[in-house]
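Trainee: Structure for the following, please:
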Amino acid sequence: MGNQVEQTYDIMEVCLLAGKIMLQSGAETYRVEDTMMRIASSFGIVKTHSYVTPTGIIFSAESSEPTKTKLIRISERSTDLKKVALVNSISRNISSGTINREQALEQLNEIDSMDISFPLSTQVAAATLASGCFMIMFKGGWNDFIPAMISGGLGYLSFVCFHRFIPIKFFSEFLASFVIGLLSLIFVKMGVGHQLDKIIIGSVMTLVPGLLVTNAIRDLMAGHLVSGLSKGAEAFLTAFAIGAGIAVVYSFS
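Mentor: Prediction:
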């Protein structure tokens, strides 16, 4: 009896760790719930219930003993779709019987501890190039390509640096958008840039919460109203922070 209870808790630990990694890496709510339920079913626990929000996961399992419930808190969220894909791969291996519970837990702990994000220099370089390309996509002139690249790259770098010292995302996004607007205004005043609005639009696109908006809509369509509304509110705050930072700069011009 005690061994079976311990085994159930071990299975729940695997499910919660998989859900935690996926939720922290930007996965949708319904995907997290489906993955945890599939893993539990593959290990022999058919009746499971999960409640997932952007800030926490509640998971319960029904077996021959009384229902067991565990809660895990999610404090940090980012975008790392490679981790989501790795967890999905482990889930498929569990379903096919390729790996057992101990192997799955070991692999999940490795994924949770690893840092597979791109180096900061690569991220800034990608943001720099993307800012110039977004500016052209919004019908800007090629003579503003370089100013948009510089503003967008330095703006994204400032966002990363501010976020390390100011853990509140709203303020780091506000300050980053302020830097972008200020640099764009300086380029236009110096005569290097010409269309201030196009430069700013292209530069701030690296801060726009595109994945967050997409996940909010998909969660709402899937019936996860709490998660969908909370993610939508988070996306709105990000958009408000970006707009407020640019508005402050425009008040100077």
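
Trainee: what mean pLDDT would you report for the longest helix seen in the chain?
Mentor: When the chain is parsed with DSSP state H, its longest helix is helix 225-252. Per-residue pLDDT over helix 225-252 has a mean of 88.

Trainee: How far away from the center of its chain is it?
Mentor: Mean C-alpha position of helix 225-252 versus that of the full chain (CA atoms, centre = their mean, to the nearest Å) differs by 16 Å.

Trainee: Also stretch 187-201?
Mentor: Its chain's C-alpha centre and that of stretch 187-201 lie 31 Å apart, by CA atoms, centre = their mean.

Trainee: Which strands and helices lie in contact with the longest helix of the chain?
Mentor: When contacts are defined as 3 or more CB pairs under 8 Å, 6 or more residues apart in numbering; DSSP states H and E, helix 225-252 sits against strand 47-53, helix 169-190, helix 196-204, helix 210-221. Heads up, the C-betas are built off the backbone N, CA and C, glycines and all.

Trainee: Any stretches of this structure with poor pLDDT?
Mentor: Filtered on pLDDT under 70, the chain yields the residue ranges 1-5, 63-66, 253.

Trainee: the inter-axis angle of the longest helix of the chain versus helix 169-190?
Mentor: Per axes from the mean of the first three to the mean of the last three CA atoms, to 10 degrees, the angle that helix 225-252 makes with helix 169-190 is 30 degrees.

Trainee: Which SSE is immediately downstream of the host helix or strand of Leu86?
Mentor: Using DSSP states H and E, Leu86 maps to helix 81-96. Downstream of helix 81-96, the first helix or strand assigned by DSSP H and E is helix 101-113.

Trainee: how about Val124, what does it touch?
Mentor: Val124 sits next to Gly153, Tyr156, Leu157, Val160 when contact means CB atoms under 8 Å, 6 or more residues apart in numbering.

Trainee: Break this structure down into its domains, please.
Mentor: Domain assignment for the chain by automatic domain parsing gives 2-113, 120-252.

Trainee: most tightly surrounded among the ones you listed?
Mentor: Comparing those on average neighbours per residue, with mean count of other CB atoms under 10 Å, the densest one is domain 120-252 at a mean of 19.
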